[in-house]
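S.K.: my questions concern the predicted model and sequence given below.
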Amino acid sequence: MDLPAKTPSSLAPGAKSRYDDWVVTHINQTLTIHLNANFLGWHRWYIWEMEQALRSDCGYKGPFPYWDWAKTEKETFEKSEVFDGSATSLSGNGAPLKYTDSDVIVINSQYPNMEVVFPHGTGGGCVTSGPFANITVNLGPIGLALVGNKTDTSGAGYKYNPRCLKRDLTDEILHRYVNETSVLTLIRDSSDIWWFQTIMSGAWGSRDIGIHPGAHNSLGGDPGRDFWVSPGEPAFWAHHANIDRVWWMWQMLDPEVRAANVSTAVNGPITMYDLYEPHKNATIFDLQNLGWVAEGQEVALGDLMSTTEGMFCYVYE
């Protein structure tokens, strides 16, 4: 996080560190990398580039970790070694705020029949323990859901807004959306990629938001619950590594159809819920980019389907 940003300050005044380049890229492409056909492949490349940066820029030599949400759901956040605040954890909860029972979080209220109400968690304030206790979040908030059916958009425009990392770990959200049954059902019952990505992230018109948004929202806080700025939360990477792992497990059930550079591996629109232009279905030839994370590079969506071909060479344990 000490390296300077590559994103020009004229484009993103708030991007101060190399880490912020990843956040800017996610903000820039939010509406074309979620709830659509690009979601899984784009994020596979995105987290892979983070792994390469950790190795080349930071000297990291270990495996890229994933967060097994179903295990945390069974243990509870308080008992999870991933969030226990130790030196080897992803840091702990935020400092506890004085919530009341009426302090709930509402998301998706702008969409018909999709409003979801969450209880508050057990934290809410600045993270005080573990390796990320003193990091500074520079960008956002842009779409941060707050208690009282409010949304904080004060950081729009890529402005510089330094603040602490906040968390509000919420077991109830994991229990509801990110449990062992929901993960196994997703893998077992998704007959094709359209169903897999739709159930994983929540179908249009449904209040079942799926395991992807469910895990994000269980972290709570700022920027963990911000749809746009969520990579500013360090747990983002372990979360999305597990998204990739679950996708990989599903792919391995029928690799020639699901993990090859073939048309059956991709299905769906190229924007979120097809709400934005251009209104078209994705193909394996559609070029993806990561902005200043991988400057000047473009990769066809079909080339992001396999973890053992092309630029990738990894499997999950």
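M.R.: Now that the structure is in, tell me what you want to look at.

S.K.: stretch 70-87: end-to-end distance?
M.R.: 23 Å (CA to CA, to the nearest Å).

S.K.: quick one: contacts of it?
M.R.: Stretch 70-87 has contacts (CB atoms under 8 Å, 6 or more residues apart in numbering) with 67, 88-93, 122, 128-131, 169-171, 174-175, 178-180, 183, 218, 235, 238. Any C-beta I mention is one placed from the backbone N, CA and C, and that applies to glycine too.

S.K.: which of these are buried?
M.R.: Burial by neighbour count, judged by 16 or more other CB atoms under 10 Å, picks out 67, 89-93, 122, 128-130, 169-171, 174, 178-179, 183, 218, 235, 238 from the contacts of stretch 70-87.

S.K.: starting at the chain centroid, how far to the helix or strand containing Thr185?
M.R.: In this structure, Thr185 sits in helix 180-189 according to DSSP states H and E. Centroid separation for helix 180-189 versus its chain: 19 Å, with CA atoms, centre = their mean, to the nearest Å.

S.K.: which neighbouring elements make contact with it?
M.R.: helix 69-75, helix 193-201, helix 211-219, helix 235-251 (3 or more CB pairs under 8 Å, 6 or more residues apart in numbering; DSSP states H and E).

S.K.: any chance of these in a markdown table with distance to Ile107 and mean pLDDT as columns?
M.R.: Shown next, in a markdown table, are these (distance: least, CB to CB, whole Å; pLDDT from 0 to 100):
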| stretch | distance to Ile107 | mean pLDDT |
| --- | --- | --- |
| helix 69-75 | 18 | 98 |
| helix 193-201 | 13 | 98 |
| helix 211-219 | 7 | 98 |
| helix 235-251 | 17 | 99 |
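
S.K.: can you lay out those as TSV showing distance to Met305?
M.R.: Putting the helices and strands packed on helix 180-189 into TSV (distance: least, CB to CB, whole Å) gives the following:
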stretch	distance to Met305
helix 69-75	24
helix 193-201	9
helix 211-219	18
helix 235-251	8
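
S.K.: wait, which of those helices is closest to Cys58?
M.R.: Of all the helices and strands packed on helix 180-189, helix 235-251 sits nearest to Cys58, with 12.9 Å by CB to CB.

S.K.: quick one: contacts of the closest one?
M.R.: For helix 235-251, the external contacting residues (CB under 8 Å, 6+ apart) are 40, 43-44, 46-47, 50, 64-69, 82-83, 90, 183, 186-187, 190, 196, 200, 211-212, 215-216, 219, 224, 230-231, 258-259, 305-307, 315-316.
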